[in-house]
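**Q** Sequence and predicted structure are below.
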Amino acid sequence: MSDPGSATKTPPASAASLYLTLAPVALTAAVYLSIFLVLRRSQRRYYAPRTYLGNLRPSERSPVLPNGWFDWIGPFWQIPDTYSLQHQSLDAYLFLRFLRILVVICFVGCCILWPVLFPVNATGHGTAEQVDILSYSHIDKDTESNRYYAHVFMAWIFYGFVMYMILRESIYYVNLRQAFLLSPYYANRVSSRTVLFVSVPANYLEEAKLRKVFGDSVKHVWITGDTEKLDDLVKERDKVATKLEKAEVKLLKLANAERIKALKKKKGGSDGEKAEAPADAESGSLAARWIPAKKRPTHRLGLLGLVGKKVDTINWCRTELERLIPAVEAAQSEYRAGKYTKVPSVFIEFYTQADAESAYQVLAHHQALRMTPKYIGITPGEVVWSALKVSWWQRIVRRFAVLGFISALIIFWAIPVAVVGAISNISYLANSVFFLTWLLSIPSIILGLIQGLLPGVALSILMSLVPVIMRLCAKLSGEPSLSRVELFTQNAYFAFQLIQVFLVATVTSSAAAIAAQIKDNPGAVTSILAENLPKGSNFYISYFIVQGLGVASSVLSQVVGFAIFTLMYKYLSGTPRALYTKWANLSAISWGSVLPVYTNIAVISITYATIAPLVLGFATIGLLLFYLAWRYNVLFVTDTNVDTRGLIYPRALKQLFSGVYIAELCMIGIFASSVAIGPMVLMIAFLVFTVLFHITINSAIDPLLYNLPRTLSAEMESKSLHMESSPLRNVGHSTVHNGETDGVSDAKKISSADTAVAGKKPGFLSKFLKPWEFCDYEAMRKLVPHDRVDTNNLYTDEVERNAYFPPSVTSATPLLWIPEDSMGISKQEVRDTGKVIPITDEGCVLSDKNKLEWDTETVRPPVWEEKIYY
């Protein structure tokens, strides 16, 4: 075979280059892992908060792991993934399952492809060198073209396995979702019984008409209204209340600092008994004993508090709140009385989940685009209230505008990335471009910093902005809930990852070399393409090493997050409320921006599986490390803020088809460039089969992803009636009391054999090949949580009645929380400020070091509110 353009040929990947990539990344990973092992033992709040935090119900907590260096690994491994399903959320469990499935796909790919394709490629008599001899490019297309049939038939087997896994897991998800959502714990939730209708015509924005349309099954109706003025009032009230709370704490700290100074002058003498102001004492009289009036907290009323009249912050805030609190309460009463401008969206709660599903699945209005789309399962906390104002025609226009913007963003994002890349070579540009020559006068140290540090930081910022922009686009397009926003982001960000991180990077990495070779020898274009396209895999071998070792270890250690948390908690949280909020709120996984990264890694692996099978080995190791890192975080660190009811899972599974399609098209192109007609025809036939298979899956599975069937609803109703009539209805279900032993034992009892239908003892192959039979609804019911709470009394009447009012309508006057001091000033401030707004000094004290101290483990603070599961 000719060797055109050898001077510009893509350099082969050598074992030495892999070692050079592996060594620094492995060192970084070892440092991260060491930091994790050290900090995990002492920083329980950051590395195991789910084991003890008081704002979690006992049933939501994870078991406590041993505190040694390595003795926690065994107990951690013994906790099954289903523990996250029973104690956290469906999304959390399916996220872990998705990572595990990706590991299985890549590992099975190694087992299927390596024994066949490695020998076929290595003995292909081509011109490839070193690691490249294991890829397609080492086969001489002139003398060894029959070897391409091995790639075709192995591609049929592997991609057939990938498609079967997508089908199998889709069936698994449908059955699990049905069992999960039909369980009493979820079926009785108000969100499971409430349907949101958008684009409702004005003549149907009346409760009587809506009850007439949907019948006697309607329990509550919330017709959404414009709350812009009320929102502004509530926002101003809360802003002033927060300002007052900060000023009160500042006053106490100033006075306490003076007290500490006085004690030091007395050389450790006692500061005497706590003072108590008389009932008729002037406001602030106790604080005045320690600090003069001019040192009290003040602010200016002008722009940004920098200009304008200076006022005493505490007195000004009290006066403002005397005006704002009654104004807010009056506006809230008006809204509840129906005195508001209606917007075209309605929440309708039904008595049962079955009634809600029937209303959700039925055609509600006789005109197109009216009372549609509909949504079920949206909780009040995740409603995007601004999106409910969007009319039907605005929704269409916004949707197309947003899709156009995102398409342009994905296509042209390479421009800012190229600019950042150019900064890394600024010295060359300064010598080449006349108007940049002034850069050469910059000191070499600063220039080196600009070239080395700035591009990396800028690129990180640029990439982190993409999901933020896409979430904003989702809200602008009219998505009515945060779960829908995450699903929108998942799709859009995956498209970005696929095009920019995979396709553009693959093309540009070898485009210059390929173009130069073709220019030198146009007649050998097919040979050049056949040899060079598979070599794009060399970049991704290094990419998987960096991702698997470096990024996965950083996900586990969370060094940056820990540093930010410690800094904010110790130095930037100046009030008891800020301390508690930072301490009690767990970090949450943003599904829309996390899942696409791993889906794209899987797509890259699938694409190169038969072209350069070595990629699968590195992908297997990388994804396994990611699975272990995220498994620890899900079980012990993170929480779920946005609940998509598991819809992230089938969406990610379907995105794997992208890898199959790209792989098939690449193989067809490579066979065409190699002039291998037989293999090309066979791959075209398999591409047609893939399209038909994909269409069939979508038509069969899609209706089950978003709807609950009537047959199962009827069965659940009959079973619930039977259980209510049975005196032994609670026997057989374990209840978690301490959040540790019972829950883990429950999860451990659920093996794959247990999830089979009673009376059947399937083997491994039977369970794997027949998910519709051995992972059916009855089997999945054993996985869902049982009897965690009293499912018949989840809410008080008031909570349920107020569920889908806008937040500003139900927003109560905040309770201010200040620390107790030894001078009695806090008591006087509570008495005086309490005449205007609720305030307390319980649960936190000012220490002799002038630090805020509160009980982080045993006592619930005054501002604690029990989480309501809508």
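**A** Yes, it's here.
**Q** same for the host helix or strand of Leu94, what does it pack against?
**A** In the assignment (DSSP states H and E), Leu94 maps to helix 90-122. Counting contacts by 3 or more C-beta pairs under 8 Å, 6 or more residues apart in numbering; DSSP states H and E, helix 90-122 packs against helix 82-87, helix 148-182, helix 591-608, helix 614-636, helix 648-655. The way it works is simple: take the backbone N, C-alpha and C, and place the C-beta from them, glycine included.
**Q** Can you give me the buried ones in the third one?
**A** Same thing as helix 591-608. Neighbour counts using 16 or more other C-beta atoms under 10 Å place 591-596, 598-608 of helix 591-608 among the buried residues.
**Q** chain center to the helix holding Leu94, what's the gap?
**A** 24 Å (C-alpha atoms, centre = their mean, to the nearest Å).
**Q** so where's the stretch 651-800 of the chain uncertain?
**A** By pLDDT under 70, the weakly predicted segments of the stretch 651-800 of the chain are 713-774, 777, 786-792.
**Q** mind listing the helices in it by residue range?
**A** Secondary structure of the stretch 651-800 of the chain, counting by DSSP state H, counting those that start in this stretch: helices at 657-673, 677-706, 710-725, 741-749, 764-769, 771-774, 777-780, 797-801.
**Q** what angle separates the helix holding Leu94 from helix 657-673?
**A** Using axes from the mean of the first three to the mean of the last three C-alpha atoms, to 10 degrees, the direction of helix 90-122 lies 20 degrees away from that of helix 657-673.
**Q** Can you give me the buried ones in helix 90-122?
**A** By neighbour count with 16+ other C-beta under 10 Å, helix 90-122 contains the buried residues 90-99, 101-103, 105-110, 112-113, 116-117, 120-121.
**Q** What of stretch 409-417?
**A** For stretch 409-417, a neighbour-count test (16+ other C-beta under 10 Å) marks Leu409, Ile410, Trp413, Val417 as buried.
**Q** and the helices and strands packed on helix 90-122 as TSV, adding distance to Asn802?
**A** TSV is the format used below for the helices and strands packed on helix 90-122 (distance: least, C-beta to C-beta, whole Å):
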stretch	distance to Asn802
helix 82-87	28
helix 148-182	24
helix 591-608	28
helix 614-636	32
helix 648-655	30
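**Q** mean pLDDT for those helices: which is lowest?
**A** Lowest mean pLDDT of the helices and strands packed on helix 90-122: helix 82-87, a mean of 86.
**Q** helices and strands around that helix, which ones?
**A** Secondary elements touching helix 82-87 (3+ C-beta pairs under 8 Å, 6+ apart): helix 90-122, helix 614-636, helix 741-749.
**Q** Tell me where the stretch 51-200 of the chain is predicted with low confidence.
**A** Judged by pLDDT under 70, the stretches of the stretch 51-200 of the chain that qualify are 124-129, 131-132, 135, 137-138, 140-142.
**Q** Could you double-check that Leu556 lies in contact with Asn633?
**A** Yes: between Leu556 and Asn633 there is a contact at 7.3 Å, judged by C-beta atoms under 8 Å.
**Q** What are the boundaries of the strands in this protein?
**A** With strands called from DSSP state E, the chain shows them at 194-198, 218-225, 298-300, 310-312, 342-350, 374-376, 816-817, 839-840, 845-846, 852-853.
**Q** which of these is buried the deepest?
**A** strand 816-817 (a mean of 27; mean count of other C-beta atoms under 10 Å).
**Q** which other residues reach that one?
**A** Contact with strand 816-817 is made by 241, 244-245, 248, 575-577, 580, 833, 837-841, 843-844, 861-863, as judged by C-beta atoms under 8 Å, 6 or more residues apart in numbering.
**Q** make it 6 Å
**A** Contacts with strand 816-817, where a contact means C-beta atoms under 6 Å, 6 or more residues apart in numbering, come from Glu245, Pro576, Arg577, Ile839, Pro862, Val863.
**Q** With stretch 305-318 instead?
**A** For stretch 305-318, contacts defined as C-beta under 6 Å, 6+ apart pick out Val240, Lys243, Leu244, Ala247, Arg296, Pro297, Thr298, His299, Arg300, Leu301, Gly302, Val836.
**Q** which ones among these are found in helices?
**A** Residues of the contacts of stretch 305-318 located in helices (DSSP state H): Val240, Lys243, Leu244, Ala247.
**Q** on that earlier part again, neighbour-wise, which of Leu556 and Asn633 wins?
**A** Leu556 (25 against 19; other C-beta atoms under 10 Å).
**Q** now that one: how far from Pro861?
**A** Distance of Leu556 to Pro861, given as C-beta to C-beta, to the nearest Å: 31 Å.
**Q** Also Val346?
**A** Val346 is 38 Å from Pro861, by C-beta to C-beta.
**Q** again, but for Tyr340
**A** From Tyr340 over to Pro861 (counting by C-beta to C-beta), the distance is 35 Å.
**Q** Settle it for me: which of the two has more neighbours?
**A** Pro861 (22 against 19).
**Q** Among the buried residues of stretch 409-417, find the lowest-pLDDT one for me.
**A** Least confident of the buried residues of stretch 409-417 in the model: Val417, at 71.
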